[in-house]
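Student: fold the following.
(one chain, ligands or ions: 1)
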Amino acid sequence: MAGKTLFKRIIDREIPADIVYEDDLSLAFRDINPQAPVHILVIPKQEIASLADAGDEDGALLGHLLLVVRNLAREQGLANGFRTVLNTGGHGGQTVPHLHFHLLGKRALSWPPG
Ligand code: AMP
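Tutor: You can find the predicted model right below:
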């Protein structure tokens, strides 16, 4: 059986993280390699490897995660806007196989991504 993912180990408090929010369904913590002054990862406690692996029954959970992102954006003072990123799979740039939203803000972000 495959070992725990890095993010599962953070959920289980086996690895420290700068946690900024937690509820029954989700955990949010600061990215260890921030790409903007605010860079927070919002993850489900349920182990879903990626958006491609999410089921129809996960719709409410995915919606909940986005509302957590919205609330954190408000709390972090991102009134000028922010970016929410969900990398999926190799071509999507996903490196940790546990679904996570990136919340990036407090600087202007260019488009398109690389
Ligand atoms: P992704 O490339 O979309 O899979 O994003 C994974 C993110 O996890 C990257 O932005 C990493 O900087 C971040 N990361 C890796 N290890 C840790 C850690 N121990 N604590 C917080 N963030 C991490």
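Student: mind naming the longest helix for this protein?
Tutor: Determined from DSSP state H, the single longest helix within the chain is helix 59-75.
Student: mind giving me the packing neighbours of the biggest strand by length in the chain?
Tutor: When the chain is parsed with DSSP state E, its longest strand is strand 38-44. Counting contacts by 3 or more CB pairs under 8 Å, 6 or more residues apart in numbering; DSSP states H and E, strand 38-44 is packed against helix 6-11, strand 26-30, helix 59-75, strand 101-105. For every residue, glycine as well, the C-beta is placed using N, CA and C.
Student: before we move on, back to that, tell me the buried residues in the helix or strand following the longest helix of the chain?
Tutor: Of the helices and strands lying after helix 59-75 in sequence (DSSP states H and E), the nearest is strand 82-85. Of the residues in strand 82-85, 82-83, 85 count as buried by neighbour count, 16 or more other CB atoms under 10 Å.
Student: ok, those residues vs the ligand, which is closest?
Tutor: residue 85 (7.0 Å; CB to the nearest ligand atom).
Student: is the residue lying closest to that closest one once chain neighbours are set aside bridged to anything, and to what?
Tutor: Nearest in space to residue 85, with sequence neighbours left out and distances taken as CB to CB, 6 or more residues apart in numbering, is residue 102 at 4.1 Å. Counting by DSSP bridges, residue 102 forms beta bridges with residue 41, residue 85.
Student: pretty sure residue 102 is touching residue 41, no?
Tutor: Yes: when contacts are counted by CB atoms under 8 Å, residue 102 is listed as touching residue 41 (6.1 Å).
Student: mind listing the shared neighbours of these two?
Tutor: Common neighbours of residue 102 and residue 41, counting by CB atoms under 8 Å, 6 or more residues apart in numbering, are residue 31.
Student: residue 51 reaches residue 99, doesn't it?
Tutor: Yes: taking CB under 8 Å as the definition, residue 51 is a contact partner of residue 99 at 6.1 Å.
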